[in-house]
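Engineer: following is a predicted model, sequence given first.
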Amino acid sequence: MLGKGRIAAALSVALVSIGLAAPAPAGAAISRADLALRWAPIHYQDVDATGSHALGGKADYLTKVNFDGDWNGRNNWDRAADSGASFSAAAYYSVAETSTHWYVTYFFFHPRDWADHPFFETEHENDGEGVLLAIQKDGSPYGVLRSAVTVAHTSFYSYTPSGSTWTGGRETVDGTLQLQSSPHDSFQHPVTAQEVQGHGLKAYPQYAINGDGIVYYPATEGETPSSTNDRDVRYELIDIFAAGGLWAQRDNTSLYANLGTFAGDTSGGCGVGTYSCGTNSANAPWGWDDGDDLPGRGEIATDPAKLSAEYFAVPGELARGYTYNPYTAEKADLREAARTAPAVTD
């Protein structure tokens with residue numbers, strides 16, 4: 001007869017093998033990947049299937065940056081139209097840690113930022129928006145969620161869940177961060193949403209599904225939506241700092257025009273029938289910036305404790321020194337790149 005420990009271990013392996021998150025045993029230390037999976041958003045993606053640039057709705061599907069099998073940012077608009085293009089759902093994450101908090105940044109990617117009418121709207125190749133979650137360490141395995149800051153184009157929006165001890169600081173809290181149960185694990189997850197076409201990201205329901213849409217749930221393996229109105233699609237979480245991944249490619253001039261800005265051009269019909277097509281117009285997390293706010297370019301990901309201290313009034317201690325921050329070794333380079341990088345309007 002199996003003991004409780006062996007049963008729990010067997011159950012955890014079984015859950016992971018089918019792409020589900022397993023709860024941590026009481027008192028167990030968890031990995032950063034487990035922490036990111038536990039707090040990853042349930043994500044509502046509105047879908048528009050109209051217009052020649054919509055790809056029948058697929059232009060609003062989440063996918064990997066290298067969905068087409070290469071790390072060339074200048075062919076993503078074009079390759080998204082290929083019959084063999086993969087729209088297996090994925091999102092990226094990074095984790096920073098202080099003695100008092102964890103900070104998890106999530107990055108959602110689309111190959112196209114698109115429009116379906118000719119007036120006033122621009123399009124561009126590649127599109128990257130996301131959210132930063134601040135999680136207070138309270139002695140439990142996964143801590144307690146205190147806040148979220150989302151990226152909608154070139155503006156940040158701040159939220160707190162019900163019962164949070166955090167309130168508005170230099171920035172006004174823009175709303176309540178809802179939590180929702182996932183059918184794929186035992187947790188309540190924050191709920192985020194993205195609009196069609198331009199893919200601005202806010203807390204649900206400040207954006208919501210209007211007609212067709214996808215509801216994405218975090219998991220260890222991704223799925224491809226069965227249609228433009230699939231309300232249960234699992235998305236894979238990928239570490240930004242994985243070997244050969246997004247951060248490792250940061251000097252790849254085929255993928256990035258400069259540090260934190262994706263390379264993109266006007267090939268493949270971008271801008272045809274619309275106002276224009278922008279080039280080099282989307283950012284990775286270390287390039288996100290709200291120019292009206294005090295934190296610098298990229299600090300939502302690279303120095304999230306600083307951003308949280310600016311955005312929120314936090315009772316008790318909010319440590320500013322990091323016990324783990326994968327961006328730290330490159331921080332001087334990041335500061336110089338942020339100072340000299342051209343402004344990018346997503």
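Structural biologist: In hand now; what should we look at?
Engineer: any stretches of the stretch 151-300 of the chain with poor pLDDT?
Structural biologist: Confidence mapping of the stretch 151-300 of the chain against pLDDT under 70 gives zero matching residues.
Engineer: Ile30 reaches Pro141, doesn't it?
Structural biologist: Yes - judged on CB atoms under 8 Å, Ile30 makes contact with Pro141 at a distance of 5.2 Å. Every residue, glycine included, has its C-beta placed from N, CA and C.
Engineer: show me what contacts the residue most central in space within the chain?
Structural biologist: Nearest to the mean C-alpha position of the chain, by CA atoms, centre = their mean, lies Phe107 at 2.2 Å. Neighbour list for Phe107: 91-93, 128-130, 240, 246, 284-285 [criterion: CB atoms under 8 Å, 6 or more residues apart in numbering].
Engineer: just the ones in strands from those residues, please.
Structural biologist: 91-93, 128-130 (DSSP state E).
Engineer: name only those of these that count as buried.
Structural biologist: 91-93, 128-130 (16 or more other CB atoms under 10 Å).
Engineer: what is the neighbour count of Glu317?
Structural biologist: 11 (other CB atoms under 10 Å).
Engineer: how about it, secondary structure?
Structural biologist: coil (DSSP: H, G, I helix; E, B strand; the rest coil).
Engineer: these two touch, right, Cys277 and Asn126?
Structural biologist: No - applying CB under 8 Å as the test, Cys277 and Asn126 come out as separate, 11.7 Å apart.
Engineer: Thr176 is in contact with Ser162, correct?
Structural biologist: Yes - judged on CB under 8 Å, Ser162 makes contact with Thr176 at a distance of 6.1 Å.
Engineer: these two - which one has more neighbours?
Structural biologist: Thr176 (13 against 8).
Engineer: where's that one relative to Pro205, distance?
Structural biologist: According to CB to CB, to the nearest Å, Thr176 and Pro205 sit 10 Å apart.
Engineer: now Ser308: closest residue in space, sequence neighbours ignored.
Structural biologist: Ala134 (5.0 Å; CB to CB, 6 or more residues apart in numbering).
Engineer: contact partners for Gly169?
Structural biologist: By CB under 8 Å, 6+ apart, the neighbours of Gly169 are 309-314.
Engineer: if we use 10 Å, what do you get?
Structural biologist: Residues in contact with Gly169, defined by CB atoms under 10 Å, 6 or more residues apart in numbering, are 158, 308-314.
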